[in-house]
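A.B. asks: show me how the following folds:
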Amino acid sequence: MLRAIIFDFNGILVDDEPIHLEMFRKVLQEEGLSLSEKDYYGRYLGMDDRGCFKAVFKEHGRALDEASLAKLIQRKASYYRASIVERTVVFPGVKKLVPELSARLPLAVASGALRDEIELILQRATLRSYFQVIVSAEDVSEGKPHPEIFTKALAGLNRTAPKDKPIRSSECLVVEDSREGILAAHRAGIKCLAVTNSHPAGALRRADAVVNSLEEVTISFLESLFK
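C.D. replies: Below is the predicted model:
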């Protein structure tokens, strides 16, 4: 039985992965490093900012201490916020599906994005009120494919669930667009619906189901994944 849904954010609710790539490139170029579109989508897409910067620096044989890493993340966040104000794009189907689901089920966002970014975009898209829980990069010590972000989101949803009937991981669904996200969901014991917003269906085959767009998704379809 489906009792709760956890959404990834970037690449699922908001179409901002090209903006993240642009801002990663801008910051890295300032540091004398490069990042190709192929590498970003093929290797780094499922990572949070911390993981991506660390991986790129390691790939180039460059040391990166915690203080310098924090400054890179802060700089990228500043560039991102300045850009997203003019470029917020919600994926097709989101503004119809999310309210419908929220009327029936508790919803959460679990994302490697920074909390301020998530809150800003959800408010601008008039979607914030539909999500009971937000777990962001600041709330976890390990990024995807580690399951921490999804176990924390489920724990947050359970704080308002009936005490005598908590939501089990087997009664929850994650909606993702990356291979790392699918793996993190399964490691948390949660089924995963993948959307081909960032990768072709073949790359997402480990998900429990794959769709091309949230426009295709209905409540009855999601419930059928648990029968």
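A.B. asks: going forward, measure contacts and count neighbours with C-alpha atoms only.
C.D. replies: Fine.
A.B. asks: for V89, which residues are in contact?
C.D. replies: By C-alpha atoms under 8 Å, 6 or more residues apart in numbering, the contact set of V89 is V14, D15, D16.
A.B. asks: pull out the buried residues from those.
C.D. replies: V14, D15, D16 (16 or more other C-alpha atoms under 10 Å).
A.B. asks: longest helix of the protein?
C.D. replies: helix 66-87 (DSSP state H).
A.B. asks: okay, the buried ones among the contacts of V89 in CSV with secondary structure and distance to F7 next?
C.D. replies: Shown next, in CSV, are the buried ones among the contacts of V89 (DSSP: H, G, I helix; E, B strand; the rest coil; distance: C-alpha to C-alpha, whole Å):
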residue, secondary structure, distance to F7
V14, strand, 11
D15, coil, 14
D16, coil, 15
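A.B. asks: so which elements touch the longest helix of the chain?
C.D. replies: helix 17-30, helix 49-59, helix 115-124 (3 or more C-alpha pairs under 8 Å, 6 or more residues apart in numbering; DSSP states H and E).
A.B. asks: can you redo those as TSV, where the extra columns are mean neighbour count and distance to V135?
C.D. replies: As requested, the helices and strands packed on helix 66-87 are exported to TSV (neighbours: other C-alpha atoms under 10 Å; distance: least, C-alpha to C-alpha, whole Å):
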stretch	mean neighbour count	distance to V135
helix 17-30	17	19
helix 49-59	17	15
helix 115-124	16	8
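A.B. asks: just the CA atoms of the longest helix of the chain, as PDB, please.
C.D. replies: Taking C-alpha atoms only, helix 66-87 is exported to PDB below (Å, rounded to 0.1, in the frame of the first residue of the first chain):
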ATOM      1  CA  GLU A  66      37.100  21.900   3.900                       C
ATOM      2  CA  ALA A  67      37.400  25.700   4.200                       C
ATOM      3  CA  SER A  68      38.100  26.000   0.500                       C
ATOM      4  CA  LEU A  69      35.200  23.600  -0.300                       C
ATOM      5  CA  ALA A  70      32.800  25.600   1.700                       C
ATOM      6  CA  LYS A  71      33.800  28.800  -0.200                       C
ATOM      7  CA  LEU A  72      33.200  27.100  -3.500                       C
ATOM      8  CA  ILE A  73      29.800  25.900  -2.500                       C
ATOM      9  CA  GLN A  74      28.900  29.400  -1.200                       C
ATOM     10  CA  ARG A  75      30.100  31.100  -4.400                       C
ATOM     11  CA  LYS A  76      28.100  28.700  -6.600                       C
ATOM     12  CA  ALA A  77      25.000  29.200  -4.400                       C
ATOM     13  CA  SER A  78      25.300  32.900  -4.900                       C
ATOM     14  CA  TYR A  79      25.600  32.600  -8.600                       C
ATOM     15  CA  TYR A  80      22.700  30.100  -8.700                       C
ATOM     16  CA  ARG A  81      20.300  32.300  -6.700                       C
ATOM     17  CA  ALA A  82      21.000  35.300  -9.000                       C
ATOM     18  CA  SER A  83      20.300  33.200 -12.000                       C
ATOM     19  CA  ILE A  84      17.300  31.200 -10.900                       C
ATOM     20  CA  VAL A  85      15.200  34.300 -10.100                       C
ATOM     21  CA  GLU A  86      14.800  34.900 -13.900                       C
ATOM     22  CA  ARG A  87      14.900  31.300 -15.000                       C
END
